[in-house]
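Chemist: mind looking at a prediction? Sequence and model below.
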Amino acid sequence: MKNMNFQVNLQGVIDLLSNHLYSEPGVFIRELLQNGVDAVTARKRLGHTFDEAVKVEIYSSHNISFTDNGCGLTEDEIDQFLARIGGSTKRDDQDSADDFIGQFGVGLLSCFVVSEEIVLITRSALEDDALEWRGKPDGTYSIKKLKRQVPIGTTVYLKAKPEFEEYFEYYRVSELLEKYGQYLPTTIMLVEDKFERTINESKPPWLLDKPEAMAYVEGITYNKPLDIIPLTSLIGGVNGIAHILPYAVSLQDEKKHRVYLKNMLLSDRMNNILPPWAFFVNGIINTNSLRPTASREAFQENDLFFAVRDELGECIKRYLIELADRDPDLFRRIVLIHYASIKTMAVEDDELYALFVRHLRFETSYGELTMAEILRDHKELLVTPTLDEYRQVARVARAQELMVINGGYVHDLDLVRKVTELDEDIKVDILNTLEFANQFEELDLEDKLTAQPFIDQSNALLEDFQCRALVRWFEPADIPVLYNTNQDVNFFRLAEESEQQANALFADVVRVIKDDLYDVPYAKLCFNYNNPMVRKAMEARDPHLRKASIELFYTQALLLGNHPMGPAELRMMNDSLLQFMNRGLDGAEVNR
Ligand SMILES: Nc1ncnc2c1ncn2[C@@H]1O[C@H](COP(=O)(O)OP(=O)(O)OP(=O)(O)O)[C@@H](O)[C@H]1O
């Protein structure tokens, strides 16, 4: 057996890492800053005391240098870590990973995106020699000892490739340093000619008190947040704030939380560091121990990451629970503005459900009411699964003093059904629209006998439309008929129509589906014995007139309920209307 090593095309690997790992050329600034800060941390670990600083200097002809007074590198370390892709002093022991921002040993390669050469001059805190290392993107490098003395630390020099000169100009460097390094603990200075400025003078937002944080958020978003929620998680070493947005956000909007790793910006558009239900806040978060991906633009989504996310979600929940008592007005404003997202999160989470449901509004047979108002007078609730079914019954239900809630809007059905978990005295039933009319008052035997021929005639006429007739007493008296259908009936009617219009093969397919899936479901047309017109029609002796009345009652009920009408139903409505017009006109002529 022969053991072989993979052959590596060095230039290819460098190209891959430098040009494809990072999303934009400006990240070299982040990587160099990070190396400087890590080197300062490493020197402090040696017990040295010094004025820690990273100085970034811009020279003419698009040259730049990054100087830190950190631990520097010995010649051995250069060989081991700088000249070896993937070599990092910061990876192997767990303690290191906790202190340093870098860990992969590839960050320096980002410099090759913008520069043809990296020149690094360094003096280790452990040796006196000043060393110069020059690396090229073809994988070659040189090391030499310098004759002159340099202070402990490291300077990296880059010269811009012509197409990236913009990234070496003062305004751009300044902007990128601020973006990534604004809150780093080590002093970051930017120098051009004699002009010198400190980049990181401001306090990180996660260390501000509430009024300061409110002002800070208003400054960056031009909107005053509704409030600031402090975020902390011991696991992951997280500190942060979530600011409550003062406007409604669409559930589809991508979240953009700003996340820092050891005070350095990791991403200003991270969408998953807070739970998805937290639509109504934006977070600004710093973590000390979540692990970044190699491109350093996201976190590795491991168990720790999800535990941290849950913990931050808990912070938001606890805040809301406490706010409901402390400041009910603000609580109501939050509910009003973020209604949609609050509904979504209340469905998924029992604690939030209990907190919010009484404040949520529902469409009911008694008008629009909050759940608190609904429960004040009613312990027995009926809920319809669809808006269509709600519309069919709402008016009649109110007259019967039934509390029917429209469950047709997003989440409402689930929200209403869950209400039994709050109090065992509350009863919630799904309203079966097809059975709805059955509970109305029955007629006495004599009236039943009077009505029966009319009902029989209706059943014969409506058989083809999947509809059965019945008669009851109900309020309000001005409604002559109540037409109730549901999704099963609608589907069946649709299938029947397609079967009639389709070619032979497709008609067969529809028939098979129809026969297989359903006992034939029937819509219900309930005549109101309380209504004078209905009574008149039932008592009419002329069978043609009775037929036309039934057809008109039926088609009118469809029209009023916004139900779709097929061609046969339209024809039916036309014929019966014309018949009545005729009779009316004839009658008028006779009476003249
Ligand atoms: N300014 C510096 N001072 C001291 N050592 C440095 C400096 N810059 C780089 N090094 C050394 O070079 C190694 C490689 O650096 P590089 O930026 O490529 O990777 P890293 O910082 O270890 O990890 P990452 O890929 O996550 O940035 C570092 O681990 C460190 O030992």
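Modeler: Ah, there it is. Residues are numbered from 1 along each chain as shown.
Chemist: which element follows the helix or strand of the chain with the lowest mean pLDDT toward the C-terminus?
Modeler: Across the helices and strands of the chain, mean confidence by mean pLDDT, DSSP states H and E is lowest for helix 94-99: a mean of 58. The C-terminal neighbour of helix 94-99 among helices and strands, as given by DSSP states H and E, is helix 111-114.
Chemist: now the helices for the stretch 451-592 of the chain?
Modeler: 487-501, 504-517, 532-539, 543-560, 567-591 (DSSP state H, counting those that start in this stretch).
Chemist: of the ones you listed, which is nearest the ligand?
Modeler: helix 487-501 (56.1 Å; Cβ to the nearest ligand atom). Placement of C-beta: from N, CA and C, glycine included.
Chemist: for that closest one, buried residues please.
Modeler: Asp488, Val489, Asn490, Phe492, Arg493, Ala495, Glu496, Ser498, Glu499 (16 or more other Cβ atoms under 10 Å).
Chemist: and the residue lying closest to the fifth one once chain neighbours are set aside, its phi and psi?
Modeler: Excluding its sequence neighbours, the residue lying closest to Arg493 (Cβ to Cβ, 6 or more residues apart in numbering) is Gln466, at 5.5 Å. Note on Gln466: its backbone torsions stand at phi 50, psi 50 [degrees, to the nearest 10].
Chemist: so the closest residue to Glu539 other than its chain neighbours versus the ligand, what's the distance?
Modeler: Distance criterion Cβ to Cβ, 6+ apart; nearest residue to Glu539, sequence neighbours excluded, is Thr450 at 7.4 Å. To the ligand, Thr450 is 90 Å away according to Cβ to the nearest ligand atom, to the nearest Å.
Chemist: look at Thr450 and tell me its secondary structure.
Modeler: Following DSSP: H, G, I helix; E, B strand; the rest coil, Thr450 is assigned to helix.
Chemist: surely it and Ala540 touch.
Modeler: No: in this structure Thr450 lies outside contact range of Ala540 using Cβ atoms under 8 Å: 11.8 Å.
Chemist: grab the nearest non-local neighbour of Leu32.
Modeler: Phe66 (4.3 Å).
Chemist: state the pLDDT value of the residue in the stretch 301-450 of the chain that the ligand sits nearest to.
Modeler: Residue of the stretch 301-450 of the chain nearest the ligand, by Cβ to the nearest ligand atom: Asn302 (16.7 Å). At Asn302, the predicted lDDT confidence score is 93.
Chemist: could you do Pro543 as well?
Modeler: Looking at Pro543, the pLDDT reads 91.
Chemist: what does Leu402 give?
Modeler: 94.
Chemist: list the residues that contact it.
Modeler: Residues in contact with Leu402, defined by Cβ atoms under 8 Å, 6 or more residues apart in numbering, are Ser365, Leu382.
Chemist: element containing it?
Modeler: Per DSSP H and E, there is no helix or strand for Leu402.
Chemist: quick one: it from Asn63, how far?
Modeler: Applying Cβ to Cβ, to the nearest Å, the value for Leu402 to Asn63 is 81 Å.
Chemist: kindly report the same for Met264.
Modeler: 24 Å.
Chemist: more neighbours: which of these two?
Modeler: Met264 (22 against 15; other Cβ atoms under 10 Å).
Chemist: so the more buried one touches Glu178, yeah?
Modeler: No: assessed by Cβ under 8 Å, Met264 is found out of contact with Glu178, at 11.9 Å.
Chemist: what sits up against stretch 36-44?
Modeler: Contacts of stretch 36-44 (Cβ under 8 Å, 6+ apart): 50, 52-54, 66-72, 89-90, 99-102, 125, 152-154, 184-186, 264.
Chemist: wait, I meant stretch 76-83
Modeler: Contacts of stretch 76-83 (Cβ under 8 Å, 6+ apart): 73, 87-89, 105, 108, 120, 122, 124, 131, 133, 135, 141, 143.
Chemist: how long is it from one end to the other?
Modeler: 10 Å (Cα to Cα, to the nearest Å).
Chemist: is any part of it close to the ligand?
Modeler: Yes: interface with the ligand: stretch 76-83 contributes Phe81, Leu82 (Cβ under 6 Å from any ligand atom).
Chemist: buried stuff in that stretch?
Modeler: Glu77, Ile78, Phe81, Leu82.
Chemist: kindly indicate which of those residues lies nearest the ligand.
Modeler: Using Cβ to the nearest ligand atom, the buried residues of stretch 76-83 come closest to the ligand at Phe81, 3.9 Å.
Chemist: ok but that closest one is inside a helix, no?
Modeler: Yes: counting by three-state DSSP, Phe81 is part of a helix.
Chemist: next, the residue nearest to Asn530 when sequence neighbours are not counted: phi, psi?
Modeler: Sequence neighbours aside, Ala477 is the residue nearest to Asn530 in space, at 4.2 Å (criterion: Cβ to Cβ, 6+ apart). Phi and psi for Ala477, reported as degrees, to the nearest 10, are phi -70, psi -20.
Chemist: any weak-confidence spans in the stretch 301-450 of the chain?
Modeler: The stretch 301-450 of the chain contains no residues with pLDDT under 70.
Chemist: what are the boundaries of the helices in it?
Modeler: Under DSSP H, counting those that start in this stretch, the stretch 301-450 of the chain gives helices at 303-326, 328-337, 339-348, 350-356, 371-377, 387-399, 412-417, 433-436, 445-462.
Chemist: TSV for these, including mean neighbour count?
Modeler: Below are those laid out as TSV (neighbours: other Cβ atoms under 10 Å):
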stretch	mean neighbour count
helix 303-326	16
helix 328-337	15
helix 339-348	19
helix 350-356	17
helix 371-377	15
helix 387-399	20
helix 412-417	20
helix 433-436	19
helix 445-462	15
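Chemist: can I get those helices in TSV with distance to Gly584?
Modeler: Below are those laid out as TSV (distance: least, Cβ to Cβ, whole Å):
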stretch	distance to Gly584
helix 303-326	63
helix 328-337	53
helix 339-348	51
helix 350-356	57
helix 371-377	46
helix 387-399	29
helix 412-417	45
helix 433-436	34
helix 445-462	21
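Chemist: so which of those gets nearest Tyr59?
Modeler: helix 303-326 (41.6 Å; Cβ to Cβ).
Chemist: which other helices and strands does the closest one contact?
Modeler: Helix 303-326 is packed against strand 228-233, strand 238-244, strand 281-287, helix 328-337, helix 350-356, with contacts defined by 3 or more Cβ pairs under 8 Å, 6 or more residues apart in numbering; DSSP states H and E.
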